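Visitor: need a structure here:
(one chain, ligands or ions: 1)
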Amino acid sequence: MKIIRLKGNNKEEQVNILREFLKLSRRSFIFTAFLSLFINVLMLLPAIYMLAVYDIVVPSRSVESLIFITAIIVFLYGIWGILQLIRSRILVRVNSKLDSFYDKKIINATLDFALKHPTKATAQPINDFNQIKQFLTGPTILAFFDIPWVPVYLAVMFVFHPYYGYWALGVMAVVSFITLLNELTTKESLKRVNDLQIRSNRFMNHVLQNVEVVESMGMRGRIYRKWREIHDRHLKALQEANDKAGTWSNLTRTLRIMFQSLIYGLGGYLAINLQITGGMIVAGAILLGRVLAPVDMLVNTWRNFSSARLAYKRLNQLLSEFEEKKEVMKLPEPKGEITLAHVVVIPPDSKEPVLTNVTFRINPGELVAVIGPSGAGKSSLVRTILGIWPPVSGEVLIDGADIKQWDREYLGKFVGYLPQDIELFEGTVAENIARFEKVDPDKVLEASILAGAHEMILKLPEGYNTYIGPGGITLSGGQRQRIGLARALYGNPRIVVLDEPNSNLDDAGERALMNALWELKKRKVTTIVVSHKVNILDIADKIAFLKDGKLAAYGDARKILEMLRAPKGNIN
Ligand SMILES: Nc1ncnc2c1ncn2[C@@H]1O[C@H](COP(=O)(O)OP(=O)(O)OP(=O)(O)O)[C@@H](O)[C@H]1O
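Guide: Residues are numbered from 1 along each chain as shown. Below you'll find the predicted structure:
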């Protein structure tokens, strides 16, 4: 998507999605506008019928004319109904079209946002998108299509009598003015309501993810109070917004109904003075209803409009911040050389560097163990090598090319990663191992045999088809770690990164891991393992020793081990 990147509150920056939406569905919207022409002309039917019955049929006392006119009207109403149906169906299709065009961009931007601001990660953009779609294809948008026809009804009212025209204009002015007041006075409160709602949902999602901690330490009451704090503020803002909006909409409704009634009085006065006919009194009132209908619809659905506008603003900001990545040139398959040059890393939403001036090179096929005290920056280093945390200065190169030059999806095929918190997703074991690619049984088996997880998986209730995650079974820490290892080894990766792969493993799991590491060495796969386990250090080619975010030592594993094991083997 082409985004106009102008900084600040520039209007240009704010309009890109809507412009794209409209461009994408221009033909459908033009057709909808065209149908709206006929629908609106046909909306004059009640007034015409009224005039015909009162002013032609009744004075002529002809039942045949009445039947004839009624038949025509029924026929036209039929057409009107069909046109309305077509119009709403077009909008439903526009909805699906928008969805297929935008959903991937939105998911990508949501993921990019979560990587950059993990503490604020939320699925809100998807809700925002739904809200915009609902608005663009719902009744409010139809009111916008009907508004251009208001002048036509107004013109007819002026033809009936200029006073009727002025009356309608006056009522419209009052209703529009009150709607404007509504917008001005509720805008801020509505934004607060939305923001607090998002915060409250985010808080509860975090709690749900950590429900066991809450339960084990009896934190329900405190969590409730914390949630209540945010929720109370949300409720207060909601009440304030609803009170204001309610006042305005009640006032509008009362005035509209009153003026719509009083037009009979005006009609009566004009008829007494023989300036209009009896039929025109009723037809004029019907026309006033038509003039006010779209305005009325806008007033009543103003809240949807405002919410959709806020959702649109948020989404636009997100899509502008996370512009679609430019296509990068496809590079050859990586051999697995990794170079870090003077790398400084500051984690997202943080100010302090966790890695400073880290420089080293890993040759293709080497097994490197990363060691260091807790909090030294081992996981941060791993995230940097994988391109999850981009360095603020320095370079991370894979086969000599900056990691930014690699297409993530392409490079990802050659990378296996087992994070410390093994995240498996909702799906079958096989799907998880295959990284949600179409499951190729041979490749899944190869990875799980290499990871030494095959026997363990066969013992699960439905083997590789066992469903895990919500609605499925819950795996033990060790089982998750072994399936996570199989996922990391899936598809013969060139680079494998394992962050504390043995933290949950029993003896059998340890043995399987060691076999896998030997096999990776044999296959000349570049492997980085964060671990303190002696058996892993013994098979490592190199060791990276991190301390306080600095690379305190790096080089041949035996030499580093000797240094570390020397009586004063403290590397500073
Ligand atoms: N997401 C984050 N945001 C901000 N700071 C972070 C984040 N993750 C880690 N840190 C900080 O970075 C530093 C290094 O953390 P890191 O997880 O890399 O250490 P580690 O060596 O892997 O520790 P451990 O052995 O305990 O896993 C710590 O001071 C930690 O507080």
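Visitor: contacts, neighbours, all on C-alpha from now
Guide: Fine.
Visitor: ok, and the closest non-adjacent residue to Pro347?
Guide: In space, and not counting its chain neighbours, Pro347 is closest to Trp389: 6.6 Å by CA to CA, 6 or more residues apart in numbering.
Visitor: What residues does the one you found make contact with?
Guide: When contacts are counted by CA atoms under 8 Å, 6 or more residues apart in numbering, Trp389 is found next to Val345, Ile346, Pro347, Pro348, Ser380, Arg383.
Visitor: Ok, Pro294 next?
Guide: Neighbouring residues of Pro294 by CA under 8 Å, 6+ apart: Ala143, Phe144, Asp146, Ile147.
Visitor: Among those residues, which lie within strands?
Guide: Among those, the subset assigned to strands under DSSP state E is empty.
Visitor: In TSV: those, plus distance to Ala173, neighbour count and pLDDT.
Guide: Compiled in TSV, these are given as follows (distance: CA to CA, whole Å; neighbours: other CA atoms under 10 Å; pLDDT from 0 to 100):
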residue	distance to Ala173	neighbour count	pLDDT
Ala143	17	18	79
Phe144	17	15	80
Asp146	17	20	82
Ile147	14	18	82
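Visitor: Where does the residue nearest to Pro347 sit: helix, strand or coil?
Guide: Assigned state for Trp389: coil (three-state reduction, DSSP: H, G, I helix; E, B strand; the rest coil).
Visitor: how close does it get to Trp167?
Guide: For Trp389, the distance to Trp167 (CA to CA, to the nearest Å) stands at 65 Å.
Visitor: swap in Ile362?
Guide: Note on Ile362: its distance to Trp167, by CA to CA, is 83 Å.
Visitor: what about Leu51, how many residues close to it?
Guide: By the other CA atoms under 10 Å criterion, the neighbourhood of Leu51 contains 20 residues.
Visitor: And for Asp442?
Guide: 8.
Visitor: Mind checking which of the contacts of Trp389 are in helices?
Guide: If you go by DSSP state H, the contacts of Trp389 have Ser380, Arg383 in helices.
Visitor: Could you dump the contacts of Trp389 into TSV with neighbour count, distance to Leu489 and pLDDT added?
Guide: Shown next, in TSV, are these (neighbours: other CA atoms under 10 Å; distance: CA to CA, whole Å; pLDDT from 0 to 100):
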residue	neighbour count	distance to Leu489	pLDDT
Val345	26	27	94
Ile346	18	29	94
Pro347	21	27	90
Pro348	16	28	84
Ser380	19	21	93
Arg383	19	18	93
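Visitor: Considering only the contacts of Trp389, which also neighbour the ligand?
Guide: Among the contacts of Trp389, proximity to the ligand is found for Pro347, Pro348, Ser380 (CA under 6 Å from any ligand atom).
Visitor: Stretch 388-399 and the ligand in contact?
Guide: No: residues of stretch 388-399 contacting the ligand under CA under 6 Å from any ligand atom: none, with a closest distance of 9.4 Å.
Visitor: Use 33 as the first number from now on
Guide: With 33 as the first residue, the last one maps to stretch 420-431.
Visitor: roughly how far out does that stretch sit from the chain middle?
Guide: With CA atoms, centre = their mean, to the nearest Å as the basis, stretch 420-431 stands 28 Å off its chain's centre.
Visitor: buried set for it?
Guide: Residues Trp421, Pro422, Pro423, Gly426, Glu427, Val428, Leu429, Ile430, Asp431 are the ones in stretch 420-431 that count as buried (16 or more other CA atoms under 10 Å).
Visitor: Considering these, which is situated nearest to the ligand?
Guide: Of all the buried residues of stretch 420-431, the ligand sits closest to Trp421, with 9.4 Å by CA to the nearest ligand atom.
Visitor: Model confidence score at that closest one, please.
Guide: Per-residue pLDDT puts Trp421 at 91.
Visitor: residues in the stretch 33-182 of the chain within reach of the ligand, list them.
Guide: So the stretch 33-182 of the chain never meets the ligand (CA under 6 Å from any ligand atom).
Visitor: run the last query once more with 8 Å
Guide: Contacts of the stretch 33-182 of the chain with the ligand, taken as CA under 8 Å from any ligand atom, map to Pro150.
Visitor: And the residue of the stretch 33-182 of the chain closest to the ligand?
Guide: Nearest residue of the stretch 33-182 of the chain to the ligand: Pro150, at 7.2 Å (CA to the nearest ligand atom).
Visitor: check contacts around the residue nearest to that residue when sequence neighbours are not counted.
Guide: Distance criterion CA to CA, 6+ apart; nearest residue to Pro150, sequence neighbours excluded, is Pro380 at 7.1 Å. Contacts for Pro380 (CA under 8 Å, 6+ apart) come out as Leu147, Lys148, His149, Pro150, Trp421.
Visitor: please redo it, this time with the cut-off set to 10 Å
Guide: Contact analysis of Pro380 by CA atoms under 10 Å, 6 or more residues apart in numbering lists Ala146, Leu147, Lys148, His149, Pro150, Thr151, Ile420, Trp421, Pro422.
Visitor: Please apply the same query to Val386.
Guide: Counted by CA under 10 Å, 6+ apart, Val386 has contacts 376-379, 407-410, 412-413, 580-582.
Visitor: just Ile179 next, same as before
Guide: Counting by CA under 10 Å, 6+ apart, Ile179 has contacts Ser68, Asn72, Val323, Leu324, Ala325, Pro326, Val327, Leu330.
Visitor: Below-threshold pLDDT in this structure: ranges please.
Guide: Filtered on pLDDT under 70, the chain yields the residue ranges 33-50, 53-54, 356-357, 502-504, 599-604.
Visitor: can you list the domains in it?
Guide: Split into domains by automatic domain parsing, the chain comes to 47-353, 370-597.
Visitor: Could you look over those domains and pick the most buried one?
Guide: Among the domains of the chain, judged by mean count of other CA atoms under 10 Å, the one packed with the most neighbours on average is domain 370-597 (a mean of 19).
Visitor: Now the stretch 233-382 of the chain against the ligand: closest residue?
Guide: Closest point on the stretch 233-382 of the chain to the ligand, by CA to the nearest ligand atom, is Pro379, at 4.8 Å.
Visitor: Name all residues that make contact with that residue.
Guide: Pro379 touches 148-150, 385-387, 412, 415-416, 420-424, counting by CA under 10 Å, 6+ apart.
Visitor: Can I get those in CSV including distance to Ala544?
Guide: Below are the contacts of Pro379 laid out as CSV (distance: CA to CA, whole Å):
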residue, distance to Ala544
Lys148, 35
His149, 36
Pro150, 33
Pro385, 36
Val386, 33
Leu387, 32
Ser412, 26
Arg415, 25
Thr416, 27
Ile420, 28
Trp421, 30
Pro422, 33
Pro423, 34
Val424, 38
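Visitor: Not counting its neighbours along the chain, what's nearest Asp160?
Guide: Excluding its sequence neighbours, the residue lying closest to Asp160 (CA to CA, 6+ apart) is Ala343, at 4.7 Å.
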